[in-house]
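all I have is the shape, not the residue letters:
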């Protein structure tokens, strides 16, 4: 890949948060972007008239993921994810299985089908992992376990595809300012009787910069990993955490 502009880009979980910002960043630089998610209304909102292709798909469904790759993509970003908060004792088996399914199995299926479709040399596979995949988290055991698995998958795939000139990397953000983050802020407020400012300070306490990460900063990392300048970065877990890791 000598020039990213005009390439075909697929982003899963493109209906909100990080996925939405990443999709818009690629579209705004002239790429042909396809976004997937479970709700077409949310995907249309992400598009906002930019001309993206919006496809409803569940990344845990093997057939639905395979159907996304009728033709190959140049850049594939496995972004769909999530998971419940709570200590290990409170996690149900159903929550555990669902968290691993969307974060880890979803990334596996997305990357597998991207390669089966015939990704060309210079292609980019990018997984949206998390700082939790680098250090864990007492109140997010299922999510942290899944993201550790994503990083292990990325490092393994990177070794496999390197000989074809394809790279596979992970982005590991800390606490990002998204609507989901605001839900977490409100939960901390209500639980401990804090002001919004105090709750936000508690949530970003591990970040040396003492602020939430802006979604544009995560999108910038994705644009970089998909660029020609990142052609020798492979199997890397890129920390976007303000120095937390």
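Alright, I've got the coordinates. In this text, all values refer to a predicted model and were calculated from it rather than measured experimentally.

okay, now the unreliable bits of this structure?
Filtered on pLDDT under 70, the chain yields the residue ranges 1-5.

show me where it has helices.
Secondary structure of the chain (DSSP state H): helices at 17-28, 40-47, 62-67, 93-100, 106-116, 132-135, 141-161, 179-192, 196-203, 215-225.

of those helices, flag the one that's most buried.
When these are scored by mean count of other CB atoms under 10 Å, the highest mean neighbour count falls to helix 17-28 (a mean of 24). Using the backbone N, CA and C atoms, a C-beta is placed for each residue, glycine as well.

show me how far that helix is from its chain's centre.
Averaging C-alpha positions (CA atoms, centre = their mean, to the nearest Å) puts helix 17-28 11 Å from its chain's average.

what lies in contact with it?
9, 11-14, 33, 35, 37, 45-48, 50-52, 75, 77, 79-80, 128, 173, 176, 178-180, 215-216, 218-220, 222-223, 226 (CB atoms under 8 Å, 6 or more residues apart in numbering).

over to stretch 156-165?
Under the contact criterion CB under 8 Å, 6+ apart, stretch 156-165 has outside partners 111, 115, 119, 121-123, 125, 167-169, 234-236.

same check on stretch 191-211?
174-175, 181, 184-186, 188-189, 212-213, 241-244.

turn these into TSV, including distance to residue 26.
Listed next are the contacts of stretch 191-211 as TSV, based on distance: CB to CB, whole Å:
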residue	distance to residue 26
174	22
175	24
181	22
184	27
185	28
186	31
188	33
189	35
212	23
213	19
241	23
242	24
243	27
244	26
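
quick revisit: need the helices of the chain in CSV (columns: distance to residue 87).
What follows is those, written out as CSV (distance: least, CB to CB, whole Å):
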stretch, distance to residue 87
helix 17-28, 25
helix 40-47, 31
helix 62-67, 32
helix 93-100, 12
helix 106-116, 24
helix 132-135, 14
helix 141-161, 7
helix 179-192, 14
helix 196-203, 17
helix 215-225, 27
